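*Asks:* Below is the structure, and that's it, no one-letter string:
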């Protein structure tokens with residue numbers, strides 16, 4: 001297997017270089033040196049084609065000849081579902097939500113390149129996962145320069161075993177990654193391999209002035225983007241979004257709450273709306289803008305009595321909006337202390353009036369006083 005593994009590593013590095021994801025020699029050397037399959041020894045889950053709801057089945061090293069090739073494919077591989085179930089636990093299929101994965105290599109290396117780490121830099125990684133990206137960091141910077149925090153003890157333990165098998169021994173911490181790891185601070189770079197609603201102030205406080213925080217920021221409408229922030233001497237941070245429609249599993253404390261009982265959609269105030277619900281499902285950038293207006297809202301579709309309702313619900317605020325197709329377009333009915341769809345309409349209209357700038361024209365700032373604020377350049381601010 002060793003010759004096959006080496007061939008596949010080299011081929012992966014060449015493909016990522018040709019695609020423009022892998023741009024510099026140190027990271028190319030890391031990709032060609034670190035065996036990704038060692039971090040997938042426990043197997044992975046593949047989606048069962050045509051299953052509804054989504055089902056997953058295990059692909060194991062000893063049971064499927066495709067395993068090694070798939071380890072070096074440019075795809076994300078689910079390694080845990082339902083918070084505890086790993087491929088070796090299962091014979092058959094499971095219909096549960098993925099909770100841990102090995103991120104597609106092109107995204108891993110793109111983020112590592114965007115981190116702009118240099119020799120001598122100390123890096124805090126949020127989300128160890130399988131340990132593959134941790135190994136790449138170790139190869140590039142040295143074990144003593146890498147601290148990786150993982151909330152799941154079992155996941156961290158498996159990563160430690162794989163890292164050790166490859167000869168890497170970074171500082172692995174089990175804990176809440178949103179709190180960082182103050183004991184080893186300050187860091188030159190912070191990189192998060194999970195999505196967040198807001199960039200934690202702890203990451204900024206634990207980063208040296210001039211250092212970089214790289215994180216995927218989104219919301220519960222599931223449009224997210226990679227943000228690169230530079231930390232300033234006054235304890236604030238600011239930066240831009242790196243356009244590319246990047247999505248990660250949200251950090252567990254940032255997952256949406258259960259919807260509970262649905263609102264009485266026959267109550268509230270109704271009116272015609274100029275915007276239909278397609279903006280919640282089609283164009284990524286438009287959905288990101290809508291999400292800025294309602295970052296804690298969840299979107300569901302409800303069908304009954306020959307009609308389909310598109311519903312936004314902010315459980316914490318107790319607010320909701322229901323869109324229903326009408327003869328002249330769409331009607332919206334809203335209830336609760338805030339008008340969710342009014343906010344979405346206003347935000348999207350202002351963005352369009354400013355020329356609908358792309359996400360690379362969006363700026364993010366985090367301050368101790370105001371928290372997280374996102375705006376498009378020349379446009380309005382949105383508090384996270």
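*Replies:* Received the coordinates, thanks. Because the structure is a prediction, the values reported are computed rather than measured.
*Asks:* how about the strands of the stretch 151-300 of the chain, start to end?
*Replies:* Here the stretch 151-300 of the chain has its strands, by DSSP state E, counting those that start in this stretch, at 171-174, 187-196, 207-217, 225-231, 237-242, 269-273, 298-304.
*Asks:* closest one to residue 320 among the ones you listed?
*Replies:* strand 298-304 (9.9 Å; C-beta to C-beta). Where C-beta positions appear, they are placed from N, C-alpha and C, glycine not excepted.
*Asks:* Closest to the centroid, which residue in this protein?
*Replies:* residue 248 (2.1 Å; C-alpha atoms, centre = their mean).
*Asks:* sorry, back to before: what would the strands of the stretch 151-300 of the chain look like in a markdown table with mean neighbour count and mean pLDDT?
*Replies:* Converted to a markdown table, these look like this (neighbours: other C-beta atoms under 10 Å; pLDDT from 0 to 100):
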| stretch | mean neighbour count | mean pLDDT |
| --- | --- | --- |
| strand 171-174 | 18 | 98 |
| strand 187-196 | 24 | 96 |
| strand 207-217 | 21 | 97 |
| strand 225-231 | 23 | 96 |
| strand 237-242 | 20 | 96 |
| strand 269-273 | 13 | 91 |
| strand 298-304 | 12 | 87 |
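*Asks:* Next one: the spatially most distant residue from the centre of the chain from residue 195, what distance?
*Replies:* In the chain, counting by C-alpha atoms, centre = their mean, residue 327 sits farthest out from the average C-alpha position, at 38.8 Å. Separation of residue 327 from residue 195 (C-beta to C-beta, to the nearest Å): 40 Å.
*Asks:* which stretches of the stretch 51-200 of the chain have low pLDDT?
*Replies:* 63-65 (pLDDT under 70).
*Asks:* That one: helices as residue ranges?
*Replies:* 67-71, 105-115, 132-141, 153-165 (DSSP state H, counting those that start in this stretch).
*Asks:* So for residue 372, which of those helices sits nearest?
*Replies:* By C-beta to C-beta (comparing all of the helices of the stretch 51-200 of the chain), the closest turns out to be helix 105-115, at 19.5 Å.
*Asks:* and that closest one, how far out from the chain's middle?
*Replies:* On the basis of C-alpha atoms, centre = their mean, to the nearest Å, helix 105-115 sits 13 Å off its chain's mean C-alpha point.
*Asks:* leaving aside the residues next to it on the chain, what's closest to the residue nearest to the centre of the chain?
*Replies:* Nearest residue to residue 248 in three dimensions, chain neighbours excluded: residue 195, at 4.1 Å (C-beta to C-beta, 6 or more residues apart in numbering).
*Asks:* Can you give me the distance of the one you found to residue 223?
*Replies:* 11 Å.
*Asks:* same question, residue 162
*Replies:* 32 Å.
*Asks:* what's the helix or strand for the closest residue to residue 273 other than its chain neighbours?
*Replies:* Nearest non-adjacent residue to residue 273, counting by C-beta to C-beta, 6+ apart: residue 332, 4.4 Å away. Using DSSP states H and E, residue 332 sits within strand 329-335.
*Asks:* Tell me what angle that strand forms with strand 269-273.
*Replies:* Calculated by axes from the mean of the first three to the mean of the last three C-alpha atoms, to 10 degrees, strand 329-335 forms an angle of 150 degrees with strand 269-273.
*Asks:* Mind listing what's buried along strand 329-335?
*Replies:* 330, 332-335 (16 or more other C-beta atoms under 10 Å).
*Asks:* From start to finish, how long is stretch 66-82 in a straight line?
*Replies:* One end of stretch 66-82 to the other measures 25 Å (C-alpha to C-alpha, to the nearest Å).
*Asks:* repeat for stretch 213-222
*Replies:* First-to-last residue span, stretch 213-222, C-alpha to C-alpha: 21 Å.
*Asks:* got it, and stretch 329-345?
*Replies:* 15 Å.
*Asks:* for residue 332, what are its contacts?
*Replies:* Going by C-beta atoms under 8 Å, 6 or more residues apart in numbering, residue 332 touches 270-273, 321-324, 341.
*Asks:* Give me the buried positions along stretch 108-120.
*Replies:* Result for stretch 108-120 [16+ other C-beta under 10 Å]: buried residues 108-115, 117.
*Asks:* Packing partners of the top helix by length along the chain?
*Replies:* Assignment by DSSP state H gives helix 2-18 as the longest helix of the chain. Judged by 3 or more C-beta pairs under 8 Å, 6 or more residues apart in numbering; DSSP states H and E, helix 2-18 is in contact with helix 25-33, helix 67-71, helix 105-115.
*Asks:* tell me the angle of that helix relative to helix 105-115?
*Replies:* 60 degrees.
*Asks:* what's next to helix 2-18, contact-wise?
*Replies:* Contacts for helix 2-18 (C-beta under 8 Å, 6+ apart): 22-23, 28, 31-37, 68-69, 71-72, 74, 105-106, 109.
*Asks:* Kindly report the same for stretch 266-285.
*Replies:* 221, 223, 245, 286-287, 290, 299, 310, 312, 320, 322-323, 325-326, 328-336, 341, 344-345, 348, 356, 358-359.
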